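Colleague: what's the 3D shape of this:
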Amino acid sequence: MAQLFYKDKPVIGLDVSQTGMKVMSIDRKKNLVTGYGSIDLDPAKVQESLNGDHTYLQSNLSELLGKNLVGTLASNHVVLGIPAGRTFTRTFSLPTSAENTLNNAIELEVEQYIPIPRAELYVDYEIIERTKDQLTVLMSAVPKTVVDSCVRVTEAAGLRTCLVEPSVSAVARLLESTEEGHLPTVIVDIGPASTDIAILDGSIRVTGSLNVGGNTFTLDIAKHLKVPLESAHQLKVLNGLNAGSRQSKLTEALTPSLDRMVSETKKVMRYYDERLSDHRKLEQILIVGGGANIPGIGDYFTNRLIMPARVASPWQELDFGKLPQPAKQFRPRYITVAGLASVNAGRIWL
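Modeller: Modelled structure (predicted):
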């Protein structure tokens, strides 16, 4: 296994999700964004494309690169992000004496905890902590069909995939450098259709996900208040959970889905506290993603989980130079791809 250094070929980020694709190129020496773009996708057609017929994703990636790009991309070498909900991430501990049989331990973890046959998975792992008596191992697995489909689509567009990682790992990379992510942190990444939850403690320790997102909130408001979707969206982003004449009705509408989100967050936190924390205390909750645009959502999580929570905005670290910046309401959708584009290229191994 040889390390590949990209001295003349910087990497770019490409984020593929059920609802859209985003691309971004960053000059890491200056934290300067040189190019970015996005395109919305139909979730049902994305699923079909991932299951075999790649035409839909291929045509949309070509349109993204050809028509929707602001600025320029530094290269065709891609760090590819896939939805955390399609991946399986676990952290576990072993005695140091078991290091010589680590592969066997990995296979056992896959067999016991992942509901997909081993032959249908790509599995990778690394030792993230080592003491005299114990190893802490981070393992990730993802269905081969998901990775292979995404790689074929990028190659058809003339791109070369150099690294594949769960989207929440990319988010964590950005938060570590901008939002005191060096502290043991709960990440709640609210996308349009789903939410990814992760514990960041030096690295991602455990993840969870559920099919509740920003679009769910809009639908909840529309149904509860009997208003059109466009009006529901406006109520969500302008009023949300803040005090006002409609606060009680909006809170009633949003609470069931928010409570599902809080419940899943508690499960992930409990797993960390009981099995992985080594007496380290979780310090903060950072809420990110395009679905986090609900006024008062930080206070809601703070009150329900009795822990400081806030909506994170790591944009202060990125300089768009002379490029027009994304509109404020669209910036959160680029957090994942910014994290992908921020990979230290010298750490990529092939």
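Colleague: can I see the domain layout of this protein?
Modeller: 11-86+142-170+318-347, 88-141, 204-311 (automatic domain parsing).
Colleague: as a whole number, average confidence for the longest one?
Modeller: Spelled out, that is domain 11-86+142-170+318-347. Across domain 11-86+142-170+318-347, pLDDT averages out at 89.
Colleague: where along the protein do the helices fall?
Modeller: Counting by DSSP state H, the chain has these helices, from start to end: 43-50, 55-67, 102-113, 144-156, 167-178, 214-225, 229-238, 247-271, 297-305, 335-341.
Colleague: can you redo the domains of the chain as TSV with distance to residue 182 and mean neighbour count?
Modeller: (C-beta placed from N, C-alpha, C; glycine too.) TSV is the format used below for the domains of the chain (distance: least, C-beta to C-beta, whole Å; neighbours: other C-beta atoms under 10 Å):
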stretch	distance to residue 182	mean neighbour count
domain 11-86+142-170+318-347	16	19
domain 88-141	15	14
domain 204-311	10	17
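Colleague: ok, which of these comes nearest residue 196?
Modeller: Proximity to residue 196 (C-beta to C-beta) singles out domain 11-86+142-170+318-347 among those, at 4.0 Å.
Colleague: figure out how far the closest one is from the centre of its chain.
Modeller: 12 Å (C-alpha atoms, centre = their mean, to the nearest Å).
Colleague: try stretch 124-144
Modeller: Its chain's average C-alpha position is 20 Å from that of stretch 124-144, according to C-alpha atoms, centre = their mean.
Colleague: what's it in contact with?
Modeller: Stretch 124-144 is contacted by residues 82, 86-96, 98-99, 102, 105-106, 109-110, 114, 116, 120-123, 164-166, 202-205, 276 when judged by C-beta atoms under 8 Å, 6 or more residues apart in numbering.
Colleague: dump the domains of the chain into TSV; add distance to residue 177 as well.
Modeller: Formatted as TSV, those follow (distance: least, C-beta to C-beta, whole Å):
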stretch	distance to residue 177
domain 11-86+142-170+318-347	8
domain 88-141	18
domain 204-311	13
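Colleague: now residue 49: how far from residue 57?
Modeller: According to C-beta to C-beta, to the nearest Å, residue 49 and residue 57 sit 4 Å apart.
Colleague: quick check: neighbours shared by those two?
Modeller: Common contacts of residue 49 and residue 57 (C-beta under 8 Å, 6+ apart): 149, 153.
Colleague: coming back round to it: can I get the helices of the chain in a markdown table including distance to residue 318?
Modeller: Listed next are these as a markdown table, based on distance: least, C-beta to C-beta, whole Å:
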| stretch | distance to residue 318 |
| --- | --- |
| helix 43-50 | 27 |
| helix 55-67 | 20 |
| helix 102-113 | 36 |
| helix 144-156 | 23 |
| helix 167-178 | 9 |
| helix 214-225 | 22 |
| helix 229-238 | 23 |
| helix 247-271 | 27 |
| helix 297-305 | 22 |
| helix 335-341 | 6 |
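Colleague: so for residue 28, which of the ones you listed sits nearest?
Modeller: So among those, helix 335-341 is nearest, using C-beta to C-beta, at 8.2 Å.
Colleague: name the nearest residue to residue 241, ignoring sequence neighbours.
Modeller: The shortest distance from residue 241 to any non-neighbouring residue, by C-beta to C-beta, 6 or more residues apart in numbering, is to residue 296 (3.1 Å).
Colleague: now do the one you found, the pLDDT please.
Modeller: Listed pLDDT for residue 296 reads 94.
Colleague: check residue 270 too.
Modeller: 93.
Colleague: separation between it and residue 276?
Modeller: In this view, residue 270 and residue 276 are 11 Å apart by C-beta to C-beta.
Colleague: how about the residue in this protein that sits furthest from its center?
Modeller: Distance from the C-alpha centroid of the chain, by C-alpha atoms, centre = their mean, peaks at residue 245 (34.8 Å).
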